[in-house]
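Trainee: One predicted model, sequence on top.
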Amino acid sequence: MLPELIVNKEFIKDFFKEEKPCCGVGVIGLENSKKALIALRLNESIPTQDWGFQFGNSLYGSSRIEVIHFGFEFYSFKNFNVLINPNNSVVQEVLKMMIETKDYFFLLINSDNSVVAYRSEITSNSLYWLEQNLDRIKNSQTTHEEYLKCISSFEKNPVVEGDMLNWLYNDNSNYLNLEDYIKLNPQS
């Protein structure tokens, strides 16, 4: 039997309002504990037989500003990129949780609204760049305008080719609260 997962209701509502394809970060509940969550909502469905992915991350920007790059390579399908502004308390808390616990959940919502949840223990090297730059991320002063310029620059010269995801740019600390939640009922 698969465990029941819960997600903040307000996060899910806002996430479904965001233009797809999109990405958001928050927390997911599993057996009375919180885990970091990276959620993606796509315009298309990933074929079930091909489901599997590689997750990458890096810091992108200049000596004065920075954004976090997440890359998702879905095997035999396509790549997706998202840039996230680290000058955001939700982002900082989720990254801290990922780094401290070495654990996260990945939630993929396909175009038909089917959901695939994947839990991964993070290997010692998978968050290397984020761990090495955690102090810089915590002290980020990147403005929204600078963030938008980084997106424009990245799109002209991407680190990895792939579709850009919109980021749910919301500094709503309630996303980290699991008291008002919805259940994700496992199917198999």
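Mentor: Sure thing, it's come through.

Trainee: So the most centrally placed residue in the chain: helix, strand or coil?
Mentor: The chain has Ile38 as the residue nearest its centroid, 3.1 Å off, counting by C-alpha atoms, centre = their mean. Taken by DSSP: H, G, I helix; E, B strand; the rest coil, the conformation at Ile38 corresponds to strand.

Trainee: Just the pLDDT for it.
Mentor: pLDDT, Ile38: 94.

Trainee: That one is in contact with Phe70, isn't it?
Mentor: Yes: at 6.9 Å, Ile38 counts as touching Phe70 under the criterion of C-beta atoms under 8 Å. Any C-beta I mention is one placed from the backbone N, CA and C, and that applies to glycine too.

Trainee: Mutual contacts of those two, please.
Mentor: Cys23, Phe55 (C-beta atoms under 8 Å, 6 or more residues apart in numbering).

Trainee: mind listing what the helix or strand containing Cys23 pairs with, with the direction of each?
Mentor: Using DSSP states H and E, Cys23 sits in strand 22-30. Partner strands and pairing direction for strand 22-30 (DSSP bridges) are strand 5-8 (antiparallel), strand 33-41 (antiparallel), strand 166-167 (parallel).

Trainee: hmm, who's touching that strand?
Mentor: 3, 5-8, 11, 14-15, 18, 34-41, 70, 80, 82, 84, 90-91, 94, 97, 105, 107, 117, 119, 165-168, 175-176, 178, 181.

Trainee: Now do Arg41 against Lys17, distance only.
Mentor: Distance check for Arg41 against Lys17: by C-beta to C-beta, to the nearest Å, it reads 10 Å.

Trainee: swap in Ser152?
Mentor: On the measure of C-beta to C-beta, Ser152 and Lys17 end up 24 Å apart.

Trainee: Please convert the strands paired with strand 22-30 to JSON lines, extending it with distance to Glu131.
Mentor: Shown next, in JSON lines, are the strands paired with strand 22-30 (distance: least, C-beta to C-beta, whole Å):
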{"stretch": "strand 5-8", "distance to Glu131": "26"}
{"stretch": "strand 33-41", "distance to Glu131": "14"}
{"stretch": "strand 166-167", "distance to Glu131": "21"}
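
Trainee: Leu148: which of the ones you listed is closest?
Mentor: Each of the strands paired with strand 22-30 has some distance to Leu148 by C-beta to C-beta; the shortest is strand 166-167, at 10.9 Å.

Trainee: Show me the strands paired with the helix or strand just after the closest one, marking each as parallel or antiparallel.
Mentor: Sequence-wise, the next helix or strand downstream of strand 166-167 (DSSP H and E) is strand 181-184. Sheet pairing of strand 181-184 (DSSP bridges) gives strand 5-8 (antiparallel).
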